[in-house]
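Here is the input, now give the coordinates:
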Amino acid sequence: MSLKRVAILISGGGSNMVRLVEDMQAEGYAEPVLVASNDAAAAGLEKAARMGVPTAAIDHRPFGKDRAAFEAELLKPILAAEPDVICLAGFMRVLTPDFVGHFAGRMLNIHPSLLPKYPGLHTHARAIEAGDPEAGCTVHEVTPILDDGPILGQARVPVEPGDTPETLAARVLVQEHRLYPAVLRRFVAGDRTPVML
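So this is what the prediction gives:
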């Protein structure tokens, strides 16, 4: 049986991407075939290249508000890599229903809140402002509605007295790095039972 092929989309430093690639390479349950970004300066691209993973960068800025044109270019290296699964790992572009539909049931995202709470941005500040006793992160299947697909895993982190969005984000990130590989490993095996950490 051939290994499942995984493409990862990033916009920045790619710390979750690094953990996914490390885990796949160490455990051998899937093969990272591409790391792509909407920013050629994303630090994660260099990290991926050093780990032996092919990279691609499609700058979204020249396309302005034409998301479909940007996605058409982004699709080219992705389709050439023939992935079975797409992992969004800090990819900061909202994808159109057409793009999502192309990979329906095969695209995962990690989000830094306990969905369905706090879709979108500024999740840590919102959790602190609401007085929540805990925060965390969620891996979910990507659907056309932002941060709304079936939940495949969650990790919980207590909100400490005196937390700032930055201190909370740092503790949540530690759990993201545990959760995402655990979910991916299960997902490529055909198991959608949620991972709860």
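
CA atoms only: put the longest helix seen in the chain into PDB for me.
Identified as the longest helix of the chain according to DSSP state H is helix 165-188. Provided in PDB are the C-alpha atoms of helix 165-188 (Å, rounded to 0.1, in the frame of the first residue of the first chain):
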ATOM      1  CA  PRO A 165      -3.100  36.800  24.500                       C
ATOM      2  CA  GLU A 166       0.700  36.200  24.000                       C
ATOM      3  CA  THR A 167       1.200  33.900  27.000                       C
ATOM      4  CA  LEU A 168      -2.000  32.000  26.300                       C
ATOM      5  CA  ALA A 169      -1.000  31.600  22.600                       C
ATOM      6  CA  ALA A 170       2.400  30.200  23.600                       C
ATOM      7  CA  ARG A 171       0.800  27.500  25.800                       C
ATOM      8  CA  VAL A 172      -1.900  26.700  23.200                       C
ATOM      9  CA  LEU A 173       0.900  26.300  20.500                       C
ATOM     10  CA  VAL A 174       2.500  23.600  22.500                       C
ATOM     11  CA  GLN A 175      -0.700  21.600  22.300                       C
ATOM     12  CA  GLU A 176      -1.200  22.400  18.600                       C
ATOM     13  CA  HIS A 177       2.100  20.700  18.000                       C
ATOM     14  CA  ARG A 178       0.900  17.500  19.800                       C
ATOM     15  CA  LEU A 179      -2.700  17.600  18.400                       C
ATOM     16  CA  TYR A 180      -2.200  18.100  14.700                       C
ATOM     17  CA  PRO A 181       0.200  15.100  14.000                       C
ATOM     18  CA  ALA A 182      -2.100  12.900  16.200                       C
ATOM     19  CA  VAL A 183      -5.100  13.800  14.100                       C
ATOM     20  CA  LEU A 184      -3.300  13.500  10.800                       C
ATOM     21  CA  ARG A 185      -2.000  10.100  11.700                       C
ATOM     22  CA  ARG A 186      -5.600   8.900  12.500                       C
ATOM     23  CA  PHE A 187      -7.100  10.700   9.400                       C
ATOM     24  CA  VAL A 188      -4.800   9.100   6.800                       C
END
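
Quick one: residues in contact with it.
Residues outside helix 165-188 that contact it (Cβ atoms under 8 Å, 6 or more residues apart in numbering) are 4, 6, 15-16, 19-20, 22-24, 27, 29-30, 84-85, 87, 89, 108, 110, 112, 122, 124-125, 127-128, 135-137, 139, 152-157, 159-160, 192-193, 195, 197. For glycine as for every other residue, the C-beta is placed from the backbone atoms N, C-alpha and C.

Drop anything exposed from these.
Buried members of these, counted by 16 or more other Cβ atoms under 10 Å: 4, 6, 15-16, 19-20, 23-24, 29-30, 84-85, 87, 89, 108, 110, 112, 124, 127-128, 135-137, 139, 152-155, 157, 159, 195.

Can you flag which of those residues belong to helices?
15-16, 19-20, 23-24, 124, 127-128.

Can you tell me which of these is closest to Lys47?
Proximity of those to Lys47 (Cβ to Cβ) peaks at Ser15, which lies at 8.8 Å.
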